[in-house]
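Asker: what would the 3D arrangement of this be:
(one chain, ligands or ions: 1)
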Amino acid sequence: MSAVDEAAAALAYATLNDPTQPPPPFAPERHAAYLKRVAADAGALEYALTEYMRVSGVYWGLTAMRLLGRDAAAELGGPALVELARGCQNADGGFGGARGHDSHVLYTLSALQVLALLGALDRCDRAAAAAYVAALQQPDGSFCGDRWGEVDTRFSYCALAALALLGRLGDADVGRAAAFVDACRNFDGGYGCAPGAESHAGQVFCCVGALAIARRLDLVDRPLLCWWLAERQCDSGGLNGRPEKQADVCYSWWILSVLRMLGADHWIDGARLRSFILKCQDLPDGGIADRPGNCPDVFHTFFGVGGLSLLGALPGDRPGIDAVFALPEDVVESLGLEAQTVPRNDASLLDAWAAERRGGERAEPYCV
Ligand SMILES: [Zn+2]
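Answerer: Numbering: from 1, shown residues only. Okay, here's the model as predicted:
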């Protein structure tokens, strides 16, 4: 029995949810094997059920493999994945979730991310893709997801990130896009999917990410938002998306990435978050689940590995993840992508604010 198996066997299910119990070791080899298995198993029910978002699954898998320090293109079949992504581009210039599916800005971003990861952005019709995305912008600066007209701040992020990847950010009215996102800011400093909609951590990532690309982080109420985000840490060490909700591994990414952009990732107790993510590993079979003891999936494996990357908790020499573009840092650098972020050493004002709010007790707003 390997050391990892021994640790898994020793960790009874009940103790997984006990924050006083130490976590099992990180098992990168098993997660890489899991990602290869999922990519190869076209006959699995899960594969059929997720066809509509195939290209997003490829993005999650490729990025997680890269963060694990693996040769993702070689191990997951780079040339075939380039063809898969190219095959999702439609006559309108946008990309669907799979070949033959209608275009949507979510899948357009995923397809461009896949092509960027594989060094193949020039293999699609870039001008048509940029024109598709830019045409989704509305007079108030918001973006529709597709031709059916639903508006959501998620689409603002996808549109700006996609145009940045294409080197065509100027094709959209970036100032107006930022103004719409700002109109979705709430009394708690967070953001919702539309003006007046409840704050949600996933939405906060999209809004702050869009503002970072637009270089308008000055619009963010930094102390208030960072406080709200830090309060998402639960007793388990994991992070939730809204007050009163259970912790979930994917918020490790949505929240920590925003705190990184705003220079306040030290407001989260990183050791406790790391412990929660490690307890969400499926140690016999690989992959990471949303919560300890649940079944793993590619989405949560990506966000778990991404969260560990932001925490600096991945061993060895491997690329970090860029908090704004959600791509390995070497890919972001090679494409010359730039976004505004707040350096950690600019965070002293935030710390002073937090100390004042705590009555000088302590600077860290850990939620315990
Ligand atoms: Zn989740």
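
Asker: can you tell me how far the closest residue to the ion within the chain sits from F143?
Answerer: The nearest approach of the chain to the ion comes at C250, 3.3 Å away (C-beta to the ion). For the C-beta atoms, the positions are set from N, CA and C on the backbone; glycine is no exception. Noted for C250: a distance of 23 Å to F143, by C-beta to C-beta, to the nearest Å.

Asker: neighbour count winner among those two?
Answerer: A count of neighbours by other C-beta atoms under 10 Å puts F143 above the other of C250 and F143, at 27 against 20.

Asker: so that one sits right up against A162, yeah?
Answerer: No - F143 is not in contact with A162 according to C-beta atoms under 8 Å; the separation is 10.0 Å.

Asker: which neighbours do those two share?
Answerer: Shared contacts of F143 and A162, defined by C-beta atoms under 8 Å, 6 or more residues apart in numbering, comprise 105, 133.

Asker: who's in contact with the residue of the chain closest to the ion?
Answerer: 202, 290, 299-300, 303.

Asker: of those residues, grab the buried ones for PyMOL.
Answerer: Buried residues within those, by 16 or more other C-beta atoms under 10 Å, are selected in PyMOL with:
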select buried, resi 202+290+299+300+303
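
Asker: near the ion, from the contacts of C250?
Answerer: Taking C-beta under 5 Å from the ion as the test, the ion is in contact with D290 out of the contacts of C250.

Asker: so which of the contacts of C250 sit within helices?
Answerer: 202, 299-300, 303 (DSSP state H).

Asker: which two in the residues you listed are spaced the farthest apart?
Answerer: Farthest pair in the ones in helices among the contacts of C250 (C-beta to C-beta) is G202 and H300. Separation: 13.2 Å.

Asker: residue numbers of this structure in contact with the ion?
Answerer: Checking the chain against the ion by C-beta under 5 Å from the ion, the hits are 248, 250, 290.

Asker: just curious, which of those residues is nearest to R185?
Answerer: Checking the residues of the chain next to the ion against R185 with C-beta to C-beta, the nearest one is C250 at 22.4 Å.

Asker: so how many other residues sit close to R216?
Answerer: R216, neighbours per other C-beta under 10 Å, totals 18.

Asker: let me redo that: A40
Answerer: 12.

Asker: next one: A27
Answerer: A27: 24 neighbours (other C-beta under 10 Å).

Asker: from L68, how far out is E29?
Answerer: Taking C-beta to C-beta, one finds E29 at 9 Å from L68.

Asker: what does D322 give?
Answerer: Taking C-beta to C-beta, one finds D322 at 16 Å from L68.

Asker: pretty sure L229 sits against R260.
Answerer: No - counting by C-beta under 8 Å, R260 is not a contact partner of L229; they are 10.8 Å apart.

Asker: so between those two, which is more surrounded?
Answerer: The neighbour count for L229 versus R260, taken as other C-beta under 10 Å, is higher for L229 (29 against 19).

Asker: host element of that one?
Answerer: Following DSSP states H and E, one finds L229 within helix 222-230.

Asker: give the other helices and strands that that helix contacts.
Answerer: helix 201-213, helix 250-261, helix 348-357 (3 or more C-beta pairs under 8 Å, 6 or more residues apart in numbering; DSSP states H and E).

Asker: can I get the CA coordinates of that helix in PDB?
Answerer: What follows is helix 222-230, C-alpha atoms only, in PDB (Å, rounded to 0.1, in the frame of the first residue of the first chain):
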ATOM      1  CA  ARG A 222     -11.800  47.400  -1.900                       C
ATOM      2  CA  PRO A 223     -12.100  47.300   1.900                       C
ATOM      3  CA  LEU A 224     -15.700  46.500   1.900                       C
ATOM      4  CA  LEU A 225     -15.500  43.900  -0.800                       C
ATOM      5  CA  CYS A 226     -12.300  42.200   0.600                       C
ATOM      6  CA  TRP A 227     -14.100  42.000   4.000                       C
ATOM      7  CA  TRP A 228     -17.100  40.400   2.500                       C
ATOM      8  CA  LEU A 229     -14.900  37.900   0.600                       C
ATOM      9  CA  ALA A 230     -12.800  37.100   3.700                       C
END
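
Asker: now the angle from that helix to helix 201-213?
Answerer: Per axes from the mean of the first three to the mean of the last three C-alpha atoms, to 10 degrees, the angle that helix 222-230 makes with helix 201-213 is 140 degrees.

Asker: compute the inter-axis angle for helix 222-230 and helix 250-261.
Answerer: Using the same axes, to 10 degrees: helix 222-230 against helix 250-261 is 160 degrees.

Asker: number of residues surrounding E198?
Answerer: Neighbour count of E198, defined by other C-beta under 10 Å: 13.

Asker: so that it lines up with my notes, have the first residue be 9 from now on.
Answerer: Renumbered: residue one is now 9, and that last one reads E206.

Asker: what's it sitting at in phi/psi?
Answerer: Phi and psi for E206, reported as degrees, to the nearest 10, are phi -60, psi 140.

Asker: all helices of the stretch 9-158 of the chain, in order?
Answerer: Ranges of helices in the stretch 9-158 of the chain, per DSSP state H, counting those that start in this stretch, are 11-18, 21-24, 36-48, 53-57, 62-75, 80-84, 86-94, 113-125, 134-142.

Asker: a markdown table for the ones you listed, including distance to A187 and mean pLDDT?
Answerer: Converted to a markdown table, the helices of the stretch 9-158 of the chain look like this (distance: least, C-beta to C-beta, whole Å; pLDDT from 0 to 100):
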| stretch | distance to A187 | mean pLDDT |
| --- | --- | --- |
| helix 11-18 | 50 | 64 |
| helix 21-24 | 45 | 61 |
| helix 36-48 | 40 | 92 |
| helix 53-57 | 39 | 64 |
| helix 62-75 | 28 | 95 |
| helix 80-84 | 38 | 94 |
| helix 86-94 | 32 | 95 |
| helix 113-125 | 19 | 98 |
| helix 134-142 | 17 | 98 |
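
Asker: thanks a lot, catch you later.
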